[in-house]
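Enquirer: sequence and predicted structure below; questions after.
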Amino acid sequence: VQFVESGGGLVQPGGSLRLSCAASGFPFSSYAMSWYRQAPGKERELVARISSLGVSKNYADSVKGRFTISRDNAKNTVYLQMNSLKPEDTAVYYCNAGNFGSGNTYWGQGTQVTVSS
């Protein structure tokens, strides 16, 4: 199983970033995909989740209306569009794949997002 995460970086408050996570080594279209984040000194938290076929999406209250999760099963890739970024969005963002039936879960290596002026 391999993930290639990209799109992180430094952005000013109010700016936008688009994270990508390209996956391989498992049946991507059978897995729900999620983005988590972990800020320094804090626990890892769920940011957004999308069902295996993209029908269902869930968001943390703190990002609703600003972030959008999507996926392209033909490219085995999940995205997180982040708009109106705030300093409190600063964290390492992790891609996650989960299959409820098998219980398998896989994690990406993380990409740093820093929101600062």
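Expert: Perfect, thanks for sending it.
Enquirer: pLDDT at Ser102, what is it?
Expert: At Ser102, the predicted lDDT confidence score is 86.
Enquirer: torsion angles phi and psi at it?
Expert: Per-residue torsions, Ser102: phi -90, psi -20 (degrees, to the nearest 10).
Enquirer: show me what the residue nearest the centre of the chain is bridged to.
Expert: Central residue of the chain (Cα atoms, centre = their mean): Trp35, 2.6 Å from the mean position. For Trp35, the beta-bridge partners under DSSP bridges are Ala48, Cys95.
Enquirer: dump the residue contacts of it.
Expert: Residues counted as contacts of Trp35 (Cβ atoms under 8 Å, 6 or more residues apart in numbering) are 19, 21, 46-49, 69, 78, 80, 93-96. C-beta here means a position set from N, CA and C on the backbone, and glycine is covered the same way.
Enquirer: can you turn the buried part of those residues into a PyMOL selection?
Expert: Here is the PyMOL command that selects the buried residues among those (16 or more other Cβ atoms under 10 Å):
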select buried, resi 19+21+47+48+49+69+78+80+93+94+95+96
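Enquirer: for Leu85, see how far away Ser30 is.
Expert: As for Ser30, its distance to Leu85 is 32 Å (criterion: Cβ to Cβ, to the nearest Å).
Enquirer: name the nearest of the contacts of Trp35 relative to Gly103.
Expert: Closest approach to Gly103 among these (Cβ to Cβ): Asn96, at 13.6 Å.
Enquirer: give me the contacts around the helix or strand where Val4 lies.
Expert: Assigned by DSSP states H and E, Val4 falls within strand 2-6. Identification of contacts with strand 2-6 by Cβ under 8 Å, 6+ apart yields 19-25, 93-95, 106-111.
Enquirer: Leu80 contacts Ile69, correct?
Expert: Yes: counting by Cβ atoms under 8 Å, Leu80 touches Ile69, with 5.5 Å between them.
Enquirer: overlap of the contact sets of the two?
Expert: In contact with both Leu80 and Ile69: Trp35, Ala48, using Cβ under 8 Å, 6+ apart.
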